[in-house]
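*Asks:* here you go, sequence then predicted model.
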Amino acid sequence: MQVKEQTKSGFTLIELLVVISIIGLLATLAIVALKNTREKANIAKTKGDLKQIQTAIEVARDRENKVLGRDYRDGNGVTGSGCSDCSCRPPSYTLDSPQCITSMTNAFNKLGFAGLLRDPWESPYLIDENEYEFSGDPCRRDTVRSAGPNRMIGGGDDLSIYIPFYLCD
């Protein structure tokens, strides 16, 4: 009489733990890669938005034949402000303060946008009108910027673009 040998099939607890650990490691790597890719996409979108705002500023200046901000010579300018983003700067205000939101909404409305524009991190884009703001130094560049991923002005990850001069050479 022959005795059949029974074989057990399956995985040991150690083998299962090793496989689960490998899957966890791969999932962590995938999440990190996704986060980095998303951040790069947000930065690329912000740079594109800044270029669009620059184009809108150039069109508005040509249309109205004025500098962007308040011209020290006659008080006129496209936005009518010498510093739209001043109400958004720390330490007195934050990017979500009513003063900041109102100031930036008014500036963007005067450029032909329908309301406030925000970056991918939900902070408003900021306009700083400088050209012909002061008689002593009229040739300072207008700037449009995003506070960046950390949502802090001057936090080291700001994205900005300088607008070409309108009157200065």
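*Replies:* Yep, it's here. Residues are numbered from 1 along each chain as shown.
*Asks:* for the protein, what spans make up the helices?
*Replies:* For the chain, the helices defined by DSSP state H cover 13-64, 98-110.
*Asks:* any idea which of those is most buried?
*Replies:* Among those, the stretch with the highest mean neighbour count (mean count of other C-beta atoms under 10 Å) is helix 98-110, at a mean of 18. Placement of C-beta: from N, CA and C, glycine included.
*Asks:* show me what that helix is packed up against.
*Replies:* Under the contact definition 3 or more C-beta pairs under 8 Å, 6 or more residues apart in numbering; DSSP states H and E, helix 98-110 sits against strand 126-128.
*Asks:* who's in contact with the strand it packs on?
*Replies:* 53, 57, 68, 79, 83-86, 88, 104, 107-108, 142-147, 153 (C-beta atoms under 8 Å, 6 or more residues apart in numbering).
*Asks:* measure stretch 157-169 end to end?
*Replies:* The stretch stretch 157-169 measures 30 Å between its terminal residues, going by C-alpha to C-alpha, to the nearest Å.
*Asks:* work out the gap between that stretch and the centre of the chain.
*Replies:* With C-alpha atoms, centre = their mean, to the nearest Å as the basis, the distance from the averaged C-alpha position of stretch 157-169 to the chain average is 16 Å.
*Asks:* what are the buried residues along it?
*Replies:* Residues of stretch 157-169 classed as buried under the neighbour-count rule (16 or more other C-beta atoms under 10 Å) are 159, 161, 163, 165-166.
*Asks:* export those residues to CSV and append columns for distance to residue 2 and pLDDT.
*Replies:* As requested, these are exported to CSV (distance: C-beta to C-beta, whole Å; pLDDT from 0 to 100):
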residue, distance to residue 2, pLDDT
159, 79, 95
161, 85, 96
163, 92, 95
165, 98, 94
166, 100, 93
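*Asks:* what's the closest of those residues to residue 18?
*Replies:* residue 159 (44.0 Å; C-beta to C-beta).
*Asks:* coming back round to it: as JSON lines, the helices of the chain with distance to residue 138 would be great.
*Replies:* Listed next are those as JSON lines, based on distance: least, C-beta to C-beta, whole Å:
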{"stretch": "helix 13-64", "distance to residue 138": "15"}
{"stretch": "helix 98-110", "distance to residue 138": "20"}
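*Asks:* out of the ones you listed, nearest to residue 135?
*Replies:* Minimum separation from residue 135 across those (C-beta to C-beta) falls at helix 13-64, 19.6 Å.
*Asks:* average pLDDT for the closest one?
*Replies:* Per-residue pLDDT over helix 13-64 has a mean of 94.
*Asks:* show me what that helix is packed up against.
*Replies:* strand 143-146, strand 159-162.
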